[in-house]
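> Dropping a prediction and its sequence here:
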Amino acid sequence: MKSLLTGHKLSIRVLFFASLRDAAGTAEKHMDVSNGVTVAELWQQISADFELLPENVLCAVNQEYVDTDYRLMEDDYEVAFFPPVTGG
Amino acid sequence: MIRITIQEKDFSLEQEVNLLRNGRVDIGAIASFIGLVRDINEGDDVSQLTLEHYPGMTENQINKIAIEAESRWPLQAITIIHRVGTLAPGDQIVLVITASSHRAAAYEANEFIMDYLKTRATFWKKETLDNRSRWVEGRPADNAAADRWKKPA
């Protein structure tokens, strides 16, 4: 928690897959975000000008599923947003 | 032993079973599941199916599912192959092989792996119809199928 209030920025990669990549118009972007921001807040910021979003958006940080209240910290370098999976 | 492969090329059930057995004689039961591309989905003719995935995360998620299966059933070997890229109706998409001393474990673990793979593994399907394409949406029934394996709290 020590770094929550320092105000410095995290440099992250944000990845989009499937229909979200189409909505984003890109597969990947680099962003500087506030330390401690939740992935839900990040998603709101990113998706403000997206159209046709799927009903459910899933999120992974460093390739592990996370809940929407997950807070990004210093070791979090890769955040991915994607629709429900449809493999198998 | 767990073997997980994400690949564009097709697979052969016979080859994979032989590879899994590899001369072992302690295996008493092998169950296999093969998922195929259907020619009709949601009432529309499908001419192609394109599968993409999240490299790295996909393998990690499938590996976790396989380890979970090993912790629940006495398994001797697991092979999971999932294809990506562009496929046609009738093509093989996914193969799950489970081996155990007895059949109940092989059957149940196989179904468990497929149910979790469908809801956790980071693959997405896009269908090509006559003159358009669309992303396949996740099915609530798949979540229900995975939920039945949840252990009571």
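That came in fine, so what should we check first?

> Now find how far off-centre stretch A:62-80 is within its chain.
7 Å (C-alpha atoms, centre = their mean, to the nearest Å).

> Show me which residues of chain A sit near chain B.
Residues of chain A lying close to chain B (C-beta under 8 Å from any C-beta of the partner chain) are A:15, A:17-19, A:22, A:54, A:56, A:60, A:63-65, A:80, A:82-88. Every residue, glycine included, has its C-beta placed from N, CA and C.

> Show me just the buried residues among those.
For those, a burial check counting by 16 or more other C-beta atoms under 10 Å in any protein chain shown picks out A:15, A:17-19, A:22, A:54, A:60, A:63, A:80, A:82-88.

> now, which of those residues lie within strands?
A:15, A:60, A:80, A:82 (DSSP state E).

> Nearest residue to B:I67 in space, ignoring adjacent ones along the chain?
B:I2 (7.3 Å; C-beta to C-beta, 6 or more residues apart in numbering or on different chains).

> That neighbour: what's it in contact with?
Neighbour list for B:I2: B:63, B:66-67, B:70, B:77-78, B:80 [criterion: C-beta atoms under 8 Å, 6 or more residues apart in numbering or on different chains].

> Also A:A24?
Counting by C-beta under 8 Å, 6+ apart, A:A24 touches A:16, A:46, A:50.

> picking that back up, output the contacts of B:I2 in TSV; the columns should cover neighbour count, secondary structure and distance to B:V46.
Formatted as TSV, the contacts of B:I2 follow (neighbours: other C-beta atoms under 10 Å in any protein chain shown; DSSP: H, G, I helix; E, B strand; the rest coil; distance: C-beta to C-beta, whole Å):
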residue	neighbour count	secondary structure	distance to B:V46
B:N63	14	helix	30
B:A66	23	helix	29
B:I67	12	helix	34
B:E70	17	helix	35
B:A77	21	strand	33
B:I78	27	strand	30
B:I80	26	strand	24
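
> quick one: which of the residues you listed is nearest to B:D10?
B:I80 (15.4 Å; C-beta to C-beta).

> What residues are bridge-paired with that closest one?
Assessed by DSSP bridges, B:I80 has beta-bridge partners B:I4, B:V96.

> how near is it to chain A?
B:I80 sits 10 Å away from chain A, going by C-beta to the nearest C-beta, to the nearest Å.

> One more: B:W124?
Taken as C-beta to the nearest C-beta, the span from B:W124 to chain A is 4 Å.

> does B:M114 belong to a helix or a strand, and which?
According to DSSP states H and E, B:M114 maps onto helix B:103-120.

> How about that helix and chain A, touching?
Yes. Contact of helix B:103-120 with chain A (C-beta under 8 Å from any C-beta) involves B:114, B:117-120.

> Give the partner strands of the very next helix or strand once past that helix in its sheet and their orientations.
Note on helix B:103-120: by DSSP H and E, the next helix or strand toward the C-terminus is strand B:123-128. Partners of strand B:123-128 in the sheet, by DSSP bridges, are strand B:48-53 (antiparallel), strand B:133-135 (antiparallel).

> export these to TSV and tack on mean pLDDT and mean neighbour count?
What follows is the strands paired with strand B:123-128, written out as TSV (pLDDT from 0 to 100; neighbours: other C-beta atoms under 10 Å in any protein chain shown):
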stretch	mean pLDDT	mean neighbour count
strand B:48-53	97	19
strand B:133-135	94	15
